[in-house]
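S.K.: no FASTA, just this:
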């Protein structure tokens, strides 16, 4: 194995060692509900205290009413933080809270006059009771809310001792509101779980694509070279080349997701005719040319990374002023250009020429790679991806997608191929700067 091949493998392994998996942000749709419940309990306690204070002299046993309100106030002072989060709001607390509400309702006939109760006077806890029921709704969903509101309804009917219209109205209102809120909370939780799962899948997919791209740019290219050279040398080297070809095909299938049946190893030794694989995988012929590394982590001039690609068969055109991108984004763009040139070199023929044009737009950097080869037959890009040949899918399109950009192909059979790579300014690959597989 040559020095360049060794550096290629080491570069790919180093890139995988330095990278970090994307972070999945977690969110909570319940937190605002708990905060609202805390505020509701405090405000309704103040309201209930005002009602009892204004009617203090009208109670049959005012000291009993004052004692209950004092106990309720102490309970609120000691437990107000319990309703600030789902972790703090335990079942035991909810039962005790509901007990204070139901106890206050049942205590009302003992401290108030029968005439006031029949006239529709509020119970001792008044609308504070709804806070206890809403705690059940947010914590356990609509079923818990139905049970809690039913307990409050029974207590209200016992306190009033008749099915008065205003009592029934209040009972139904509390029951419907709590059950509806409980149902909404359950739907929100299910949606949150679905969103979190989708974010995890997206993050895992992006990481898988990044690792597959590193493998494509390093290991697969070396295996393809071993296969080709072993077949050319013959003897024991031919057997080594055959084994390398089998491993290359198996690894391609794994990188592609394991959804495509791997082709026979012998098929991997058959080169594509010029033009039929113009966008396939450049690894079938030779390892990629080294990609220059940006110096430092600050803004990098894209021209400096692309200029080394110019040569006898490649013409490089650039603006007169620096074209700056974040160092990681510039390196990924240069790697994508290198992969596009690999396809030109391998599939367009030895006599083909290529042109690289760099354009500095206000919001994006556009690099166009054009060749005068035979072009790409229609549908060849999709076929190559299905076959596990991921030069376009990962080395070019995948890199640009991670940068928030895009890669577009324009090709007419017999008239060459043009690849337009667009990278928005101010972008960088997810997970920070990544090492390059092509060293």
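M.R.: Looks like it came in fine. These numbers come from a predicted model, not from an experiment.

S.K.: helices or strands up against the helix or strand hosting residue 227?
M.R.: Mapping residue 227 onto the secondary structure by DSSP states H and E places it in helix 219-233. Counting contacts by 3 or more CB pairs under 8 Å, 6 or more residues apart in numbering; DSSP states H and E, the secondary-structure elements packed against helix 219-233 are helix 3-18, helix 236-255. For the C-beta atoms, the positions are set from N, CA and C on the backbone; glycine is no exception.

S.K.: Help me confirm that residue 183 comes into contact with residue 144.
M.R.: No. Using CB atoms under 8 Å, residue 183 and residue 144 do not qualify as a contacting pair, with a distance of 11.2 Å.

S.K.: Settle it for me: which of these two has more neighbours?
M.R.: More neighbours surround residue 144 than the other of residue 183 and residue 144, with 21 against 15 (other CB atoms under 10 Å).

S.K.: what's the burial count for the residue nearest to that one when sequence neighbours are not counted?
M.R.: Here the nearest residue to residue 144 in space, its sequence neighbours aside, is residue 136; by CB to CB, 6 or more residues apart in numbering that works out to 4.2 Å. Residues lying near residue 136 (other CB under 10 Å) number 27.

S.K.: Which strands and helices lie in contact with the helix or strand hosting residue 136?
M.R.: Taking DSSP H and E as the definition, residue 136 sits inside helix 128-140. Using 3+ CB pairs under 8 Å, 6+ apart as the contact criterion, the secondary-structure elements in contact with helix 128-140 are helix 31-54, helix 91-111, helix 142-160, helix 165-217.

S.K.: what's next to it, contact-wise?
M.R.: For helix 128-140, the surrounding residues in contact (CB atoms under 8 Å, 6 or more residues apart in numbering) are 30, 33-34, 37, 40-41, 44-45, 47-48, 72, 83, 86, 89, 91, 94, 97-98, 100-102, 104-105, 123, 144-145, 147-149, 152, 174, 177-179, 181-182, 185.

S.K.: Next secondary structure element downstream of the lowest-mean-pLDDT helix or strand in the chain?
M.R.: Every helix and strand in the chain was compared by mean pLDDT, DSSP states H and E; the lowest is helix 265-268, with a mean of 35. Helices and strands here follow DSSP H and E; after helix 265-268, the next one along the chain is strand 299-301.

S.K.: Partner strands of that following strand and their direction?
M.R.: Taking DSSP bridges as the criterion, strand 299-301 pairs within the sheet with strand 324-326 (antiparallel).

S.K.: Not counting the strand it pairs with itself, show me its contacts.
M.R.: Applying CB under 8 Å, 6+ apart, the external contacts of strand 324-326 come out as 298-302, 330, 333, 365, 423, 425-428.

S.K.: same check, this time on stretch 160-175
M.R.: Contacting residues not belonging to stretch 160-175 are listed as 109, 117-118, 120, 129-130, 133, 146, 149-150, 152-153, 156-157 [CB under 8 Å, 6+ apart].

S.K.: how about a cut-off of 6 Å?
M.R.: 120, 130, 149, 153, 156 (CB atoms under 6 Å, 6 or more residues apart in numbering).

S.K.: about what we covered before: what's the PyMOL syntax to select whichever of the contacts of helix 128-140 are buried?
M.R.: Of the contacts of helix 128-140, the buried ones go into a single PyMOL selection, burial set by 16 or more other CB atoms under 10 Å:
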select buried, resi 33+34+37+40+41+44+45+48+72+83+89+94+97+98+100+101+102+104+105+123+144+145+148+149+152+174+177+178+179+181+182+185
